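Novice: This is the structure alone, sequence omitted:
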């Protein structure tokens, strides 16, 4: 009876593919843009369980999380190991891969000194809210040149926008001598349309900011793109709710 090593028994199916069709070789030859999410995931996973290719395992993993790379990235190690073929080692590799991606994104964002438009604000905030299943309220502190001083988390699990008291929102802005702020929160439902409470809260915070000499430049609500919704955010300034 032939005994395979762990690596041999798990990877022989992917090796049966013509070399130019293997994900790793295609990545090296054509670049990452030429690969699907499943193929990229297969490279990270390296091997599949006995009798199943790495591509099949990658497909199973993505299907387990509703075909969403965002849900996969936000999954806990325990949730990852519920997929057949994903143990502690592979779950750790997946978490490390997504963590590196998030850190790279944060470094790229950090190099962008100024926020001069709602779309730039949304780009800056996107990683902060990605995969979050609870509402979070954040405040971007800006100086007189619109350079970001700090991305401040104010509250988590905010169900009532009325809980966003001015002292919590402006405390850090005062401490860091910010000239203006951008309010930001997410809608886990994916629909970034502001509620009446969102509008009312923003008006109240703008009034408070005026008394403190700190402008509320915008309020960005982050959601998600759909076939009928081209952008994943709502800007109060773009929407005419802040002039």
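Specialist: Noted; the coordinates are in hand. Remember, it's a predicted structure, so these values are computed and weren't measured experimentally. Residues are numbered from 1 along each chain as shown.
Novice: Distance-wise, check the closest residue in space to residue 145 that isn't next to it in sequence relative to residue 104.
Specialist: Nearest in space to residue 145, with sequence neighbours left out and distances taken as CB to CB, 6 or more residues apart in numbering, is residue 114 at 6.5 Å. (Each C-beta comes from the backbone N, C-alpha and C, glycine too.) In this view, residue 114 and residue 104 are 20 Å apart by CB to CB, to the nearest Å.
Novice: bridging residues for the residue nearest to residue 145?
Specialist: residue 147 (DSSP bridges).
Novice: tell me the pLDDT at residue 238?
Specialist: For residue 238, the model assigns a pLDDT of 96.
Novice: can you count the residues close to it?
Specialist: 16 (other CB atoms under 10 Å).
Novice: How about it: what's its closest non-neighbour residue?
Specialist: For residue 238, ignoring the flanking residues on the chain, the nearest one in space by CB to CB, 6+ apart is residue 118 at 5.0 Å.
Novice: domains for the protein, by residue range?
Specialist: 6-107, 115-235 (automatic domain parsing).
Novice: Pick the most buried one from those.
Specialist: Most buried of these by mean neighbour count (mean count of other CB atoms under 10 Å) is domain 115-235; its value is a mean of 17.
Novice: for the record, mean pLDDT for that one?
Specialist: On average, the pLDDT along domain 115-235 is 90.
Novice: Equivalent analysis for stretch 83-94, please.
Specialist: Per-residue pLDDT over stretch 83-94 has a mean of 92.
Novice: Please enumerate residues in contact with it?
Specialist: For stretch 83-94, contacts defined as CB atoms under 8 Å, 6 or more residues apart in numbering pick out 44-46, 48-49, 52, 57, 60-61, 64, 72, 77, 80-81.
Novice: Helices - which of those land there?
Specialist: Judged by DSSP state H, helices contain the following of the contacts of stretch 83-94: 44-45, 57, 60-61, 64, 72, 77, 80.
Novice: so where do the helices sit in this protein?
Specialist: Along the chain, the stretches classed as helices by DSSP H are 6-15, 23-30, 37-45, 54-64, 69-74, 77-80, 88-110, 118-129, 166-175, 196-212.
Novice: Tell me which of those helices sits nearest to residue 226.
Specialist: Closest to residue 226 of the helices of the chain is helix 69-74 (CB to CB; 13.2 Å).
Novice: before we move on, the earlier item: ok, the residue nearest to residue 238 - contacts?
Specialist: Counting by CB under 8 Å, 6+ apart, residue 118 touches 218, 220, 233, 235, 237-238.
Novice: can you pull the contacts of the most centrally placed residue in the chain?
Specialist: Per CA atoms, centre = their mean, the C-alpha nearest to the average position across the chain is that of residue 130, at 2.3 Å. Residues counted as contacts of residue 130 (CB under 8 Å, 6+ apart) are 70, 73-74, 102.
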